[in-house]
Structures are given as C-alpha cells and as structure tokens.
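Chemist: Got a sequence here, can you build the structure:
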Amino acid sequence: MEMPSQGRAIIDENFDGIKIIIATKKSWFMILFLGFGLGGWFMGETFAFIEVVGGKQNGSPDAFLIFWLGGWTIGGFFVSEHFFGLEWERNYFNWSGCAYS
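Modeler: Below is the predicted model:
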C-alpha cells in the first residue's frame, strides 16, 4: 500500500475549530534576482545618503538628489516587502463553528 505524501499544509484541529497553514511555493529565481537587486539598492541608498548628509563642502545638497533619495527609499521598502514575503509567506485558513477567517 502506498503512503500518502505529507504535503506542504499543516492542519491543526482542536476544540476551537480547524486551522490550516499552507506554505507558499518559493520562486528561487525571484528570490535570487530581488536579493541581488536589493544589494545594488543598498549601495545606491548608502552613497546617496552620504552625499546628502556631508558630500558637498560648499553648501546644501541638490534638491534633485534629495527627491531621488526619497523615491529610492520608498521603492526599496516595496521591493524589500515583496522579497521577504516570497521567502516567508504562508496562507492561513481558520474555521471555527460557522465562522471562517
């Protein structure tokens, strides 16, 4: 007799209801691609921040560089959220009596 596979789902059944946790399938290409991209993003962020904080000796930094740094930072947060979501994301389903969440 063939044994069923364990699968990726974790099923926790108790008196409160049923909780199912399903680990998402990882896309290793996207994890490596975004990880490499975040390394470049970090270098750009670091150099631009150094330039804004103390790069110019004769006055204030360029307005464009400050604007660029703000957009670069916001973009980096979105990419980081997606990167870490790919790595550790799980789907949760809860059934309790007649309720579903």
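Chemist: How is I18 assigned, secondary-structure-wise?
Modeler: Reduced to three states with DSSP: H, G, I helix; E, B strand; the rest coil, the structure at I18 is strand.
Chemist: Quick check: it touching D12?
Modeler: Yes: with contact defined as C-beta atoms under 8 Å, I18 counts as touching D12 (7.3 Å). Glycine gets a C-beta too; all of them are placed from N, C-alpha and C.
Chemist: where's the residue lying closest to H82 once chain neighbours are set aside, which helix or strand?
Modeler: With C-beta to C-beta, 6 or more residues apart in numbering as the measure, L34 is the residue that lies nearest to H82, at 6.8 Å, once sequence neighbours are left out. L34 is part of helix 28-54, with elements assigned from DSSP states H and E.
Chemist: and that helix, what does it pack onto?
Modeler: In this structure, helix 28-54 packs against helix 63-88, with contacts taken as 3 or more C-beta pairs under 8 Å, 6 or more residues apart in numbering; DSSP states H and E.
Chemist: From the chain's centroid, how far away is the helix it packs on?
Modeler: Using C-alpha atoms, centre = their mean, to the nearest Å, the mean C-alpha position of helix 63-88 is found 11 Å from that of the whole chain.
Chemist: buried sites along it?
Modeler: Applying a neighbour-count criterion of 16 or more other C-beta atoms under 10 Å, the buried positions in helix 63-88 are 65, 69, 72, 76, 83, 86.
Chemist: what is the orientation angle of it with helix 28-54?
Modeler: Between the axis of helix 63-88 and that of helix 28-54 there is an angle of 150 degrees, by axes from the mean of the first three to the mean of the last three C-alpha atoms, to 10 degrees.
Chemist: Would you agree H82 is in contact with I31?
Modeler: No: in terms of C-beta under 8 Å, H82 does not count as a neighbour of I31; the distance is 10.2 Å.
Chemist: Tell me how many other residues crowd I22.
Modeler: 15 (other C-beta atoms under 10 Å).
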